[in-house]
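In: What follows is a predicted protein model with its sequence.
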Amino acid sequence: MCLERNRICGKVDSTHRQLIFASFYLAPIELPMKKHLLITPAQVPPFRDDLKVVGTFNPGATIVDGQLVLIVRVAVIPTEDRPGYFAWVRFIEGHLEIEWLRRDLFDCNDSRVMRRISDGKVFLSSISYFQLIWIENHLDKPEEWR
């Protein structure tokens with residue numbers, strides 16, 4: 001397999017599992033034409049116990065020091081459900097805020113967004129963030145990642 005070298009000066013902070021300007025290789029991945037999921041919501045824990053992961057999107061992948069590293073956009077919603085309401089989740093001044101809004105005041109045809117009937121203002125029904133995920137021993141069991 002042909003490897004293409006991409007160099008960015010820096011290192012990987014293994015203590016905090018953060019990718020900091022690492023040198024890495026990109027390799028072409030050949031997958032059969034059937035549908036494959038690189039990662040699913042069930043494989044990613046939420047960052048708080050009162051949230052659940054409902055989506056994992058747009059994963060990017062590379063190999064760092066022999067480990068598969070993914071950067072994944074993760075969408076979460078509250079685990080709590082209040083009949084007749086939807087949770088408006090957002091960050092305010094670095095803190096996660098959850099406000100419960102009455103469903104009957106919104107057009108709820110698209111589960112990703114709620115449009116207020118009175119003025120058309122759109123509210124997101126989830127919040128997302130980027131998460132680094134390190135897959136150990138991926139080379140030992142490649143069938144799990146194909």
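Out: Nice, thanks for sending it over.
In: what residues does the strand or helix carrying Glu99 touch?
Out: Glu99 is located in strand 95-102, with elements delineated by DSSP states H and E. Here strand 95-102 makes contact (CB atoms under 8 Å, 6 or more residues apart in numbering) with 48, 78, 82, 84-91, 114, 123, 127. C-beta here means a position set from N, CA and C on the backbone, and glycine is covered the same way.
In: average pLDDT across it?
Out: The average pLDDT for strand 95-102 rounds to 92.
In: And for stretch 64-83?
Out: 90.
In: One more: stretch 50-60?
Out: pLDDT averaged over stretch 50-60 gives 90.
In: So which bits of that stretch are buried?
Out: For stretch 50-60, the buried set under the neighbour-count rule, 16 or more other CB atoms under 10 Å, comprises 51-56.
In: for the residues you listed, which one is nearest Ile39?
Out: For the buried residues of stretch 50-60, the closest approach to Ile39 (CB to CB) belongs to Thr56, at 5.1 Å.
In: I'd like the distance between that closest one and Gly66.
Out: From Thr56 across to Gly66, the span is 23 Å (CB to CB, to the nearest Å).
In: before we move on, what about Ala42?
Out: In terms of CB to CB, Ala42 sits 26 Å off from Gly66.
In: Show me what secondary structure element comes after the longest strand belonging to the chain.
Out: As assigned by DSSP state E, the longest strand anywhere in the chain is strand 51-64. Next helix or strand after strand 51-64 toward the C-terminus (DSSP H and E): strand 67-78.
In: What residues of that following strand count as buried?
Out: 67-70, 72, 74-78.
In: ditto for stretch 42-49
Out: Buried-residue list, stretch 42-49, by 16+ other CB under 10 Å: 44, 46.
In: Take that stretch and give me the span from its first residue to its final residue.
Out: One end of stretch 42-49 sits 14 Å from the other (CA to CA, to the nearest Å).
In: Repeat that for stretch 99-117.
Out: Span of stretch 99-117 from end to end, CA to CA: 18 Å.
In: gap between the nearest residue to Arg73 once chain neighbours are set aside and Phe86?
Out: The shortest distance from Arg73 to any non-neighbouring residue, by CB to CB, 6 or more residues apart in numbering, is to Phe57 (4.4 Å). Phe57 sits 21 Å away from Phe86, taking CB to CB as the criterion.
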